[in-house]
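Enquirer: What shape does this take:
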Amino acid sequence: MTAEPTKAPNLRTAASAVDLERLHVASQRVLDWTSDLANDAPGSAELDQLTHHARLLVEMRGMEATPFAAIRAHALNVRNELILLATERSLTLAVWFDDALGLRTSASRPIPTDPAEDA
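Expert: Numbers count the residues shown, from 1 in each chain. Below is the predicted model of the structure:
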């Protein structure tokens, strides 16, 4: 008897064009918001990581050949950093990522970026 692999509840293997556009818009809003933060306070490692992944998502716009797993990993990194910042704006933006990724989970906990960790 062989075990059948099960699909983790937070793992989507593909995204619609609308979902990808929503990720792009959410990422752009994150960059807009973090640029305002950077003007008010010196950067931190968390803020640098957040902007790095958000910038990559913005740059991926229109690149249909990009595997969804790569997009998902960057999006989850952004989402998780937003949750760790725990401000009203960052949590609102995290929900935008949840919605675009089709996540059905609490916005208060980070999600592993490696789908194998979800199993």
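
Enquirer: quick one: average pLDDT of stretch 23-33?
Expert: Mean pLDDT, computed over stretch 23-33, is 95.

Enquirer: Tell me which residues are up against it.
Expert: With Cβ atoms under 8 Å, 6 or more residues apart in numbering as the test, stretch 23-33 has contacts from 15, 50-51, 54-55, 57-58, 60-61, 71, 75, 78, 82, 89-90, 93, 96-97, 100-101. Every residue, glycine included, has its C-beta placed from N, CA and C.

Enquirer: Which positions in that stretch come out as buried?
Expert: By neighbour count with 16 or more other Cβ atoms under 10 Å, stretch 23-33 contains the buried residues L23, H24, A26, S27, V30, W33.

Enquirer: can I get these in TSV with distance to S44 and secondary structure?
Expert: TSV is the format used below for the buried residues of stretch 23-33 (distance: Cβ to Cβ, whole Å; DSSP: H, G, I helix; E, B strand; the rest coil):
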residue	distance to S44	secondary structure
L23	24	helix
H24	25	helix
A26	21	helix
S27	19	helix
V30	15	helix
W33	15	helix
